[in-house]
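J.: Below are the sequence and a predicted model; questions follow.
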Amino acid sequence: MTVLRLARSELKRMTGGLLPKLTILALTLVPLLYGAVYLYANWDPYGKLNQIDAALVVEDTGAATSDGSRLDAGHKVADSLLEAHNFNWQQVSSSADADEGVSSGKYAFALKIPRDFSANLASPGSFDAANQAMLNVTTNDANNYLLSTIVDKLTTAVHSTVAKEVGEETANKLLTGFGTIHSQMLKASDGAHSLADGVSSLHTGAASLHEGTGSLRSGAAELAAGQHKLLDGANALNSGAGQLSSGLGQLKDKTATLPQDSRQLADGAAQVAAGNAALNAKVQGLAGQMAAADQAAAQAERAKVAESTARMVASGLMLQPQADALMADYDAHNTRAPSGAAAALKGAAGQIQQLADGSAAVSAGAAKLAGATPALTGAVGKASAGADQLASGSAALASGEQNAAAGADKLSEGAAQLDDGAAQLDSGSAQAADGAGTLAGEIAKGAGQVPNPDDSQKNSLAKVIADPVAVSNVSQAKAGSYGAGLAPFFLTLALWIGIFMLVQAMRPITQRALASNAPSWKIAAGGWLPFLTVAAVQASLLTLVVDVGLGLNPVHPVLMWVLMLAAAMAFSAIIQGIVALLGTPGKLVVLILLVLQLVSSGGTFPWQTTPEPLHVVHQVLPMGYVVGGMRHLIYGADLAGIVPVMLGLVGYTVLGLAMSAVAVHKHKFWTLKTLKPEIAV
């Protein structure tokens with residue numbers, strides 16, 4: 001039994017009567033009911049927003065701008081919204097009525113422009129009272145959840161439009177202000193040049209003044225130095241004169257009794273001289289007597305020594321020559337000197353003689369001093385009086401020089417300060433001259449840099465300033481409508497659901513085929529081909545209706561149809577294989593796979609935004625690859641990724657057939673459970 005014969009036999013069974021034919025027809029139309037009808041209902045919802053009732057409340061009272069014109073932005077915004085007719089705007093008189101209408105569902109949402117809208121738009125003209133203008137929106141998700149997102153886009157667009165208009169007007173005024181600044185800076189530049197000329201003249205005069213004050217400072221310093229030297233001399237003179245006066249005064253006091261004292265000295269000296277002469281005579285006589293006594297004592301002592309040596313010779317204790325030698329030695333070494341008293345008396349006699357001579361001379365000098373002291377005391381008195389006069393004069397001179405020196409110091413200090421001030425004036429005026437010149441040049445340069453646009457330039461620049469960023473949106477592949485954006489996901493999903501519905505009426509494996517001796521793979525392929533045939537019809541019909549009926553207009557229509565057929569091949573193989581292997585529980589598995597692919601294939605949001613475990617599901621199951629491939633073929637993106645998708649679908653097909661072959665092999669062995677299953681297929 002061949003594969004085609006098995007498939008043809010199953011197809012004949014499925015179309016053997018009217019009801020089976022109607023069943024197959026209904027199953028073929030299932031993808032259309034889910035895919036085409038859903039896309040039809042949601043093909044262009046944004047183009048139908050003008051059928052939605054929305055409340056519009058304008059309470060803006062307008063405002064006066066800084067240039068005296070009138071701004072009525074609230075009514076301008078309302079007029080533009082009514083003209084655009086994005087929604088079916090219903091003008092409502094009060095915010096309370098609009099809110100009540102949103103709450104009851106009468107209005108989908110409400111847009112309210114408050115009383116101070118224009119005033120706040122004009123407020124940036126005053127730096128102290130700038131406020132943002134507000135647009136108040138009231139929504140209710142009970143009316144529709146996605147409507148809030150749509151309204152956000154609307155209000156963002158209104159915000160951008162109003163901000164652009166107001167910003168353009170403000171920028172125009174700003175550019176006008178630049179022109180005013182430019183002209184005023186030119187006037188300031190002329191004034192700065194005049195200032196530079198005046199400051200230059202000031203610098204010339206300051207330089208001359210500094211030269212003169214320098215000479216004055218030098219002379220004042222020399223004068224102060226001379227005055228201080230003179231003051232030092234005057235102070236020294238005053239000090240010496242005072243000391244001289246004090247010393248002469250003391251000398252005068254001390255020499256007042258000098259004549260009388262010198263006379264007494266002379267008399268006393270004469271008496272001393274007379275006494276010394278008498279004393280000298282007595283001392284000389286006494287010295288002679290003491291010398292004679294010493295001579296007699298010496299002779300008596302030698303006689304005793306001679307007598308002793310003679311007795312010793314006589315007794316034989318000493319020889320005569322020894323005795324002679326002893327006496328000779330005695331004479332040589334024992335010459336008797338005068339006694340101490342005699343010698344002292346002799347020396348005193350000499351001194352007394354000198355004293356007598358000196359006292360006689362002193363007596364003569366004292367007599368002369370006594371005669372001269374009266375004249376000396378008179379001269380000392382006169383000198384003391386003159387020293388007193390000198391001290392008084394030198395004191396006055398020192399006081400005058402002190403004042404003169406202080407004045408010279410002040411003059412020198414003032415001259416120095418004047419010279420320093422002149423130097424600072426000279427330096428400052430030089431810097432001021434340079435600065436004034438630089439100021440004039442920079443103001444002139446700055447005036448050239450400050451814009452001075454004409455009316456045409458102001459209008460052009462104002463538009464750029466008000467809306468400085470423009471988005472150049474290059475779309476490499478673009479869906480033509482909301483329905484076209486959802487088509488890849490819903491076509492793929494509808495195809496899976498349509499094939500899943502086939503297992504409700506078609507048998508994955510026939511009992512007749514299981515009873516044959518055909519190989520397992522042939523039976524598996526024969527059971528799959530009817531599913532593939534109906535699935536291919538489903539895919540072709542769905543593609544035709546969406547392309548022609550709804551106007552999808554894919555960039556690559558033939559390749560899109562081929563991809564739909566490949567998806568039908570893979571989906572039918574997987575679904576037929578799972579149900580063949582697991583039986584009735586397999587249908588639940590197919591349903592679970594449908595749910596997993598529904599949330600992980602990235603049909604609406606990118607699959608990367610799903611939880612991490614679903615990333616694995618996206619990588620393993622086929623629907624995500626089919627959705628991605630359909631987008632490339634419908635929108636005209638790069639086709640390099642289509643070949644891997646096709647190869648992947650072939651792989652899924654082989655996997656499904658392998659499961660079906662395993663199921664055939666398993667079901668060839670009959671058991672009681674086979675004859676009476678727990679759940680009938």
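T.: Yep, that arrived.

J.: Could you break this protein into its assigned domains?
T.: 3-43+481-675, 45-176, 258-436 (automatic domain parsing).

J.: for those domains, which one sits closest to residue 208?
T.: domain 258-436 (9.1 Å; CB to CB). Glycine gets a C-beta too; all of them are placed from N, C-alpha and C.

J.: a strand runs through residue 523, doesn't it?
T.: No - counting by DSSP: H, G, I helix; E, B strand; the rest coil, residue 523 is located in no strand; its state is helix.

J.: Just the pLDDT for it.
T.: Looking at residue 523, its pLDDT stands at 79.

J.: Could you give the number of residues near residue 562?
T.: 16 (other CB atoms under 10 Å).

J.: buried set for the helix or strand hosting it?
T.: Assigned by DSSP states H and E, residue 562 belongs to helix 557-582. Residues of helix 557-582 classed as buried by neighbour count (16 or more other CB atoms under 10 Å): 557, 559-582.

J.: for the residue nearest to residue 85 when sequence neighbours are not counted, what are its contacts?
T.: Leaving aside its sequence neighbours, residue 85 sits nearest to residue 50 (CB to CB, 6 or more residues apart in numbering; 5.2 Å). Applying CB atoms under 8 Å, 6 or more residues apart in numbering to residue 50 gives the contacts 85-88.

J.: how much space between residue 50 and residue 108?
T.: Using CB to CB, to the nearest Å, residue 50 is found at 12 Å from residue 108.

J.: measure the closest residue in space to residue 631 that isn't next to it in sequence to residue 557 for me?
T.: Nearest residue to residue 631, sequence neighbours excluded (CB to CB, 6+ apart): residue 488, at 4.8 Å. Separation of residue 488 from residue 557 (CB to CB) stands at 14 Å.

J.: Could you do residue 215 as well?
T.: For residue 215, the distance to residue 557 equals 107 Å [CB to CB].

J.: just residue 201 next, same as before
T.: Residue 201 sits 91 Å away from residue 557, going by CB to CB.

J.: can you tell me the helix or strand for residue 633?
T.: Going by DSSP H and E, residue 633 is in helix 623-635.

J.: Check which helices and strands that helix sits against.
T.: On a contact count with 3 or more CB pairs under 8 Å, 6 or more residues apart in numbering; DSSP states H and E, helix 623-635 meets helix 482-502, helix 557-582, helix 584-600, helix 642-667.

J.: could you redo these as a markdown table and give each row mean pLDDT and distance to residue 43?
T.: Converted to a markdown table, the helices and strands packed on helix 623-635 look like this (pLDDT from 0 to 100; distance: least, CB to CB, whole Å):
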| stretch | mean pLDDT | distance to residue 43 |
| --- | --- | --- |
| helix 482-502 | 87 | 3 |
| helix 557-582 | 93 | 17 |
| helix 584-600 | 89 | 21 |
| helix 642-667 | 91 | 26 |
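
J.: could I get those as CSV with distance to residue 235?
T.: As requested, these are exported to CSV (distance: least, CB to CB, whole Å):
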stretch, distance to residue 235
helix 482-502, 113
helix 557-582, 124
helix 584-600, 114
helix 642-667, 117
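
J.: residues of the helix or strand containing residue 539 that come out buried?
T.: According to DSSP H and E, residue 539 maps onto helix 520-544. Neighbour-count burial for helix 520-544, with 16+ other CB under 10 Å as criterion, is recorded at 520, 522-535, 537-539, 541-543.

J.: ok, now stretch 413-423?
T.: Across stretch 413-423, burial judged by 16+ other CB under 10 Å covers 415-416, 418-419, 422-423.

J.: quick one: which of those residues is nearest residue 611?
T.: For those, the minimum distance to residue 611 (CB to CB) is 82.7 Å, reached by residue 423.

J.: Doesn't the closest one lie inside a helix?
T.: Yes - using three-state DSSP, the assignment for residue 423 is a helix.

J.: and the closest residue to it other than its chain neighbours, how many neighbours?
T.: Setting aside the residues directly before and after it, residue 423 is nearest to residue 210 in space (CB to CB, 6+ apart), at 5.5 Å. Using other CB under 10 Å, residue 210 has 20 other residues around it.

J.: how about residue 210, what does it touch?
T.: Residues near residue 210 by CB under 8 Å, 6+ apart: 419, 422-423, 425-426.
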